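1. Let me see the structure of the following:
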Amino acid sequence: MKDRTIIVRRLADGALAELMPDGPVLPLPDTTDWAELGRMSDEEIEAAARSDPDNLPLTEADLERMPRRPRTITLRRTLGLTQEAFAARYRIPLGTLRDWEQGRSTPDQPARAYLAVIAADPELVSRLLEAAKA
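-> Next up is the predicted model:
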């Protein structure tokens, strides 16, 4: 049998599924012995993780070379909004948001503060902006 790459995705319910080359998604059985894991100390869990050659912990060098995902993408996706919807709701120019998310520019200090306020209470910010528009 030829070696092949297996692509695994986490489903919305947290379960793992294999993405087949021809399109279907097949659920994978959960083979984790949670009871055994619960009996292990943090040190034993760390040692077990480090002993797995297929899933070694990331080193500082690994982290340095990995691209960082901009906070705006994470925030927007957490809220379940498209770029267009996020930009409109929070009155951020769409081009600016796209530039931030694609790494062409980064938010300045006031924009970072505004994004932190949105992250803290997105519904309140949205309501306040709506009230200000009226």
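2. And the residue positioned nearest the centre of the chain, which helix or strand is it part of?
-> Closest to where the C-alpha atoms of the chain average out (Cα atoms, centre = their mean) is Thr74, at 5.7 Å. In this assignment (DSSP states H and E), Thr74 forms part of helix 71-78.
3. tell me the mean pLDDT for that helix?
-> For helix 71-78, mean pLDDT rounds to 90.
4. helix or strand right after that helix?
-> Next in line after helix 71-78, if elements are assigned by DSSP H and E, sits helix 83-89.
5. what's next to that following helix, contact-wise?
-> 72, 76, 79, 81, 92-94, 96-98, 101, 126, 129 (Cβ atoms under 8 Å, 6 or more residues apart in numbering). In this view, the C-beta of every residue, glycine as well, is placed from N, C-alpha and C.
6. now the residue nearest to the centre of the chain: how far from Ala12?
-> To Ala12, Thr74 is 17 Å away according to Cβ to Cβ, to the nearest Å.
7. rewinding a little: can I get the helix holding Thr74 as PDB, trimmed to CA atoms?
-> The C-alpha trace of helix 71-78 is given here as PDB (Å, rounded to 0.1, in the frame of the first residue of the first chain):
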ATOM      1  CA  ARG A  71      -5.900  39.100  16.100                       C
ATOM      2  CA  THR A  72      -8.600  40.600  13.900                       C
ATOM      3  CA  ILE A  73      -9.100  37.300  12.100                       C
ATOM      4  CA  THR A  74      -9.500  35.500  15.300                       C
ATOM      5  CA  LEU A  75     -11.900  38.100  16.800                       C
ATOM      6  CA  ARG A  76     -14.000  38.300  13.600                       C
ATOM      7  CA  ARG A  77     -14.300  34.500  13.300                       C
ATOM      8  CA  THR A  78     -15.100  34.100  17.000                       C
END
